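In: Sequence first, predicted coordinates after that:
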Amino acid sequence: MRILVTGATGYIGKRIIPLLLDQGHTVVCAVRGKLRTEKAYSDEENLHVVEADFLKPDTLQNIPKDIDAAYYLIHSMSNSVDKFHKLEEECALNFKKYIETTNVKQVIYLSGITNDTKLSKHLLSRKNVEDTLKSNVYALTVFKAGIIVGSGSASFEIIRDLVEKLPIMIAPKWLNTKTQPIGVRDVLAFLTKGLGKQELYNTSHDIFGPEIMTYKQMLLQFADIRKLKRHIITVPVMTPKLSSYWLFL
């Protein structure tokens, strides 16, 4: 199969490309600046790099029409809460409009679990992207993951930094929120094995690991593995904004 990977330089994108190549697929990477990416895969004859910015519809003409499936792994780069929702929707809409003109039969989208009645702005945006990507021309397969655990992931790096640098943590009460983390290798397995499966066309699936734990338990478990003695005190007065300042420091 000839497969388009968007978000090819991101955490999941960089890891899924070698797997697809090993499976014998031809991969088309859509990146905003292709020079560095081309050098990284200069020895791969079945990999083609095209320059495309999904906020600039004119650049999408660089993506070939003869592709069979596509991975949508794009996340907004904006730090503004107000902007990233609009930018993510715009990217998804531009992607959809162009992909509908190609031979793509299936789009696979990696989202976050959005089953809660009260979602964060980030997860609301992820849900909105899912709704935007739905099409009558191609089939959409959605995998919704909780915290993805693996070296290099944002979640894992935050956990590691906190545990290794802070013997005592004063943390907000949402650290008692339950989650069901999943390993990055398992996420990649779902994404690759779902490719071309017609029974998964126009379906959505939550994917998660076997353990249910709180964020606090995750931090303490990591501390235990690293053989570090850590204390976490949760307080009700710490707002998300205060948490972000504390995390930055």
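Out: Okay, I see it. Numbers count the residues shown, from 1 in each chain.

In: going forward, measure contacts and count neighbours with C-alpha atoms only.
Out: Will do.

In: who touches residue 208 in this structure?
Out: Residue 208 makes contact with 145-146, 180-182 under the criterion C-alpha atoms under 8 Å, 6 or more residues apart in numbering.

In: count of residues packed around residue 94?
Out: Per other C-alpha atoms under 10 Å, the neighbour tally for residue 94 reads 19.

In: can you check residue 101 too?
Out: For residue 101, the neighbour count with other C-alpha under 10 Å is 11.

In: and the next element down the chain from the biggest helix by length in the chain?
Out: When the chain is parsed with DSSP state H, its longest helix is helix 81-99. Per DSSP states H and E, the first helix or strand lying C-terminal to helix 81-99 is strand 106-112.

In: quick one: secondary structure of residue 210?
Out: coil (DSSP: H, G, I helix; E, B strand; the rest coil).

In: any idea how far residue 140 is from it?
Out: From residue 210 across to residue 140, the span is 26 Å (C-alpha to C-alpha, to the nearest Å).

In: which one of the two has more residues nearby?
Out: Counted by other C-alpha under 10 Å, residue 210 and residue 140 do not tie: residue 140 has more neighbours, with 22 against 8.

In: Touching, the more buried one and residue 110? I think so.
Out: No: using C-alpha atoms under 8 Å, residue 140 makes no contact with residue 110, being 10.8 Å away.

In: which non-adjacent residue is nearest residue 110?
Out: What sits nearest to residue 110 in space, not counting adjacent residues and going by C-alpha to C-alpha, 6 or more residues apart in numbering, is residue 143, at 5.1 Å.
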